[in-house]
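Visitor: 3D, please:
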Amino acid sequence: MVKNCLSKRVFAIHILLLVICAKVAVAQNANLSHSYDYSKIAPHPRILLNKGEEQLVKKSIASNPEFLTVYSHIIGFSNKLLAEKPLEFKKDGKRLLAVSRKALTRLYYLSFSYRMTKEVKYLNKVEEELNAVCNFESWNPSHFLDVGEMCMAVAIAYDWLYDDLKESTKQHVRKAILEKAFEPSYIKEDAWFLERHNNWNSVCNAGLLFGALAIFESEKEKSIAIIERTLTSNKLPLEAYGPDGNYPEGPGYWNYGTSFQVMLFAALESALGSDNGLSKAPGFMNTANYMLYAVGTSGKYFNYYDGGASVAASPSMFWFASKLKDPSLVYTEIKAIKNGLYTRTNKSDEERLIPNMLVFAKNLKLSALKAPINQLYKGNGITPIAIVRTDWESGKGRYLGIKGGKAEDAHGHMDQGTFVYDVGYLRWAADFGLQSYITLESKGVDLWNMSQNSERWDIFRYNNLNHNTLTINNQRHNVNGFAKMVSTFDNRKELGALVDIKPALNLKNELKVATRKATIVDGAYLKIEDVLETGADPVDLRWNMLTPAAAKIIDQQTIMLSQQGKNLVVKFKSDIPLNLVIRPSEDPAKYKNEFGNSNYGEYNQKNIGTVMIGFDAKIPANKKVTFKVVLEDN
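Guide: Model (predicted):
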C-alpha cells in the first residue's frame, strides 16, 4: 500500500516536471520568435523623443526661424488649453473621434510643452485631462479609429511625463489602456482593421503600439503580444504604397494614414532600436515624393476619392526628409509654415500632430534647401496617377494631375480618368471632393456599400456624371473596371500621361477602345485627347469638367472661362458633331439624376460657385473617333 502511494507520488511529480519543462520550452520558443530583444527597451521617455533629446530640438529651433514659429505656436496654444474644461464623453452619431482628436491635440501639445520648459502648469493640466478621458465609459471600440487616437494620446503623455505623474494617475492610465484599448482589440467585430489595407490599419495599430510601449514594464506579456501582432498586421497597409509610393486614397488621406504610419515606425525605432524592416516596404520611402507633387501651383491638392482640395500641414514630411537626407522634400512645408498652415487652431484633425514637425526635424539641416528638380511624378499601383508641375514657385507655372484606378476601393469615387488643372494661383479644372460622412449617414444613405448598384453612386459628388471624366449611355462607371496608366510623357514637347479608361466605361463591352491622354504642351497649354471606338451599337457620350470659373459658350467649338480677372479658352474639336453644354452644379437637389427618373436627394451638399462644362455626342456604331479639348490662356 505504501509502495503504491509512493509510486503514485513519483508519477505525479514526474508529470509536474514534464508540465514545467513544457512551459519553459514554450516560453523559450516564444522568446526565440520575438522580433526584438525586449530586455533592451529604452527607458522612459521612449516614444518618438528619447530622454535628453529635448536639447536637439532646442538647438534646431534656435537655428531655424520657421521652427521657432512652430514652437512658439505650440507653447502659446498649450497656454490657452490650461483654461479649458476637461474633455467629456460625447459621441457625434456613431463616432467619438472628434473627442479623441481633441485629446491627442491637448495631451501631445501639453506634454511637449512640459518636456521643453518643465513648467508644472502643463504637468497639472495633463494629469487632469488624462484622468478625465480614462474615466470615460469606453473609447468607442465600435469605431476603432476613436480608440487608436485616444490610446496614442494617453500613451504619449504617460511615457513623456512618466517620472513626474502621480502614481494614481499612472495606474489609472494603465487600467484604461488595458480595458479600453487592448481588450476590445481582440474582439473581431471591433478589430476588423487588423485585416485591412487602408488608413484604419495604420491609425489603429499605431495607437495600440504606443499604448504597448508606454505601459511595457507593468504589462510586459500583453504589450509584447500587441507589438508582435502589429508587426504582422501592419504589413497590409504598406502594400498599398507599392510600387511607386502614390497613396490610393489621395493626399488628404495620405496625411492621415501615413502620418500615423510614420509615428508607428518612429516609436519602434526610438523604443526598440528599429522598425523591424517595415519601412523598407516597396514604395514607402518614395511616398514623400508623391506628397510633394500632390500640391498644385494654386496651393490646392490634386484631390480625388473622398479627399478635399484644401492643403493641410504635413509634419511627416520632415521624417522622410531626415531619413532620406533630402531637404527638398520639405520645400513646400517650409512655405506652409510661412503661410500659417502650421499655426492654425481651428481644426483638431489638422493641428493635433504639429509637434511631430519639431520632433522629426531635430537633426535636419535646411541650409541646402532647394526646389525639386523634376516636373513629372508618376506612380502605378492601386490608383495609378501622373502629376505635372512646371514651376515650383508659388503661383507660377502650370499643374496637371490625372488618375486611373477603380471605383470599388476604400473611399473611391467613379472618377477614373479625371484630371485637375492649375494655371498660376488659379484652379480651372477641379474636383468636388467628399461630402461630410455624418451628413449622409444621418440621412440613412448606404454610404459604404461600394457595389455597382449601391446608393453611394447616387450621391452627386461621388458618381462619374459629375467628375472630369467620360460617361457612356448615361450609365455608371463599372466599379470593378480598372483604368490603367498606359504611358507617361516627360520631354520638352509634352508632359503628362495616357490612361486606358475602357474598363471603367464598359458595363456591356460597349467600346473596343477608350483612352485619355492629358498633357501640358510646350509648357503653355493643356490638351485632353480622348479616343473611343464603338462596337456594333452606337454610344451616347458625355464629356464633363467641373470648374469654379464662370462659363460662357462662345460658338459651337468654344467655351470661355473667367475667374478673378483671368480668362481661359476651352476649344473642342472632333470627327463628329458635338453639342457643347454648361451644366449646373450648385444645388444638386434641383437636378435630375440621369441614372434614374428622379432628382438627386435632398441630402446632397450644395456646391456654391461651381459649374460644369463639356459636350454631348453620339458616336455611330463601329466607328473610331478622336476628341480633342485644349485649354489655353486668353
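Visitor: tell me the SS of the residue nearest to the spatial centre of the chain?
Guide: Centroid check for the chain by Cα atoms, centre = their mean gives residue 253 as the closest residue, at 1.6 Å. With DSSP: H, G, I helix; E, B strand; the rest coil as the basis, residue 253 sits in helix.
Visitor: Now do stretch 82-91: distance to the chain's middle.
Guide: Centroid displacement of stretch 82-91 relative to its chain, using Cα atoms, centre = their mean, to the nearest Å, is 27 Å.
Visitor: in that stretch, what counts as buried?
Guide: The neighbour-count check on stretch 82-91 (16 or more other Cβ atoms under 10 Å) flags residue 87 as buried. Where C-beta positions appear, they are placed from N, C-alpha and C, glycine not excepted.
Visitor: Can you give me the end-to-end span of it?
Guide: Across stretch 82-91, the straight-line distance between its terminal residues is 24 Å, by Cα to Cα, to the nearest Å.
Visitor: Next secondary structure after the worst-scoring helix or strand of the chain on mean pLDDT?
Guide: Lowest by mean pLDDT, DSSP states H and E among the helices and strands of the chain is helix 2-33, with a mean of 41. With elements assigned by DSSP states H and E, the helix or strand that comes after helix 2-33 is helix 54-63.
Visitor: what is the mean pLDDT for stretch 306-318?
Guide: Stretch 306-318 shows a mean pLDDT of 94.
Visitor: What residues sit buried inside it?
Guide: 306-309, 311-318.
Visitor: would you list the residues you listed in a markdown table and tack on secondary structure?
Guide: Output for the buried residues of stretch 306-318, formatted as a markdown table (three-state DSSP):
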| residue | secondary structure |
| --- | --- |
| 306 | coil |
| 307 | coil |
| 308 | coil |
| 309 | coil |
| 311 | coil |
| 312 | coil |
| 313 | coil |
| 314 | coil |
| 315 | coil |
| 316 | helix |
| 317 | helix |
| 318 | helix |
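Visitor: Which one of those is nearest to residue 159?
Guide: Proximity of those to residue 159 (Cβ to Cβ) peaks at residue 315, which lies at 18.9 Å.
Visitor: just checking, that closest one touches residue 259?
Guide: Yes - contact criterion Cβ atoms under 8 Å: residue 315 and residue 259 qualify, at 7.0 Å.
Visitor: which residues do those two both contact?
Guide: 353, 356 (Cβ atoms under 8 Å, 6 or more residues apart in numbering).
Visitor: For the nearest residue in space to residue 57 that is not next to it in sequence, which three-state class applies?
Guide: Using Cβ to Cβ, 6 or more residues apart in numbering and skipping the chain neighbours, the partner closest in space to residue 57 is residue 362 (4.9 Å). Of the three states, residue 362 takes coil under three-state DSSP.
Visitor: where does residue 362 land on pLDDT?
Guide: Per-residue confidence at residue 362 stands at 95 (pLDDT).
Visitor: For it, give me its contacts.
Guide: 53, 56-57, 59-60.
Visitor: Distance of residue 54 relative to residue 191?
Guide: Distance, residue 54 to residue 191, using Cβ to Cβ, to the nearest Å: 36 Å.
Visitor: hmm, I was thinking of residue 227
Guide: Noted for residue 227: a distance of 16 Å to residue 191, by Cβ to Cβ.
Visitor: What residues of stretch 110-127 count as buried?
Guide: So for stretch 110-127, counting by 16+ other Cβ under 10 Å, buried means 110-116, 122-123, 125-127.
Visitor: and residue 107, what is it in contact with?
Guide: With Cβ under 8 Å, 6+ apart, residue 107 has these contacts: 126, 129-130, 153-154, 156-157.
Visitor: hmm, which two among those are most spread apart?
Guide: The most widely separated members of the contacts of residue 107, counting by Cβ to Cβ, are 129 and 156 (11.7 Å).
Visitor: These two: which has the busier surroundings?
Guide: Taking other Cβ atoms under 10 Å, residue 129 and residue 156 do not tie; residue 156 has more neighbours (26 against 23).
Visitor: I'd say the more buried one and residue 108 touch.
Guide: Yes - the pair residue 156 and residue 108 passes the contact test of Cβ under 8 Å, sitting 5.5 Å apart.
Visitor: What average pLDDT does the helix or strand harbouring residue 102 get?
Guide: Using DSSP H and E, residue 102 sits within helix 97-117. Helix 97-117 shows a mean pLDDT of 97.
Visitor: wait, residue 81 sits on residue 109?
Guide: Yes - Residue 81 lies in contact with residue 109 (Cβ under 8 Å); the separation is 6.6 Å.
Visitor: quick one: which of these two has more around it?
Guide: Per other Cβ under 10 Å, whichever of residue 81 and residue 109 has more neighbours is residue 109, with 26 against 19.
Visitor: hang on, isn't the more buried one packed against residue 78?
Guide: Yes - at 4.8 Å, residue 109 counts as touching residue 78 under the criterion of Cβ under 8 Å.
Visitor: which residues are common contacts for those two?
Guide: Going by Cβ under 8 Å, 6+ apart, no residue sits against residue 109 while also sitting against residue 78.
Visitor: just to revisit the earlier point, which of the contacts of residue 362 lies closest to residue 562?
Guide: Closest to residue 562, out of all of these and judged by Cβ to Cβ, is residue 60, at 46.4 Å.
Visitor: got a list of what that closest one touches?
Guide: Counting by Cβ under 8 Å, 6+ apart, residue 60 has contacts 67, 358, 361-364.
Visitor: Then residue 353?
Guide: 104, 108, 259, 263, 315-316.
Visitor: ok, now with 10 Å
Guide: Residues in contact with residue 353 (Cβ atoms under 10 Å, 6 or more residues apart in numbering) are 101, 104-105, 108, 152, 255-256, 259-260, 262-263, 312-316, 359.
Visitor: ok, now residue 181?
Guide: Applying Cβ under 10 Å, 6+ apart, the residues contacting residue 181 are 138-139, 141, 144, 147-148, 150-152, 154-155, 204, 207-208, 210-212, 226.
Visitor: Secondary structure of it: a strand, I assume?
Guide: No - under three-state DSSP, residue 181 sits outside any strand and is assigned helix.
Visitor: before we move on, back to that, so for residue 227 and residue 191, which sits in the more crowded spot?
Guide: Each of residue 227 and residue 191 has its neighbours counted (other Cβ under 10 Å); residue 227 has more, 24 against 18.
Visitor: Need the three-state assignment for that one.
Guide: Assignment for residue 227 (three-state DSSP): helix.
Visitor: Not counting its neighbours along the chain, what's nearest it?
Guide: residue 212 (5.2 Å).
Visitor: Report the contact partners of that neighbour.
Guide: Here residue 212 is in contact with 151, 155, 177, 181-182, 219-220, 222-230, 267, 271 (Cβ under 10 Å, 6+ apart).
Visitor: Of those residues, grab the buried ones for PyMOL.
Guide: Buried residues within those, by 16+ other Cβ under 10 Å, are selected in PyMOL with:
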select buried, resi 151+155+177+181+182+219+222+223+224+225+226+227+228+229+230+267+271
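Visitor: follow-up on the earlier one: so which of the contacts of residue 107 belong to strands?
Guide: Using DSSP state E, no member of the contacts of residue 107 sits in strands.
Visitor: of all those residues, which comes closest to residue 476?
Guide: residue 153 (41.1 Å).
Visitor: Do I have it right that residue 411 meets residue 253?
Guide: Yes - applying Cβ atoms under 10 Å, one finds residue 411 in contact with residue 253, separated by 6.5 Å.
Visitor: What subset of the contacts of residue 362 is buried?
Guide: Among those, those scoring as buried are 53, 56-57, 60 (criterion: 16+ other Cβ under 10 Å).
Visitor: How far off centre is stretch 249-256?
Guide: The chain centroid and the centroid of stretch 249-256 are separated by 2 Å under Cα atoms, centre = their mean.
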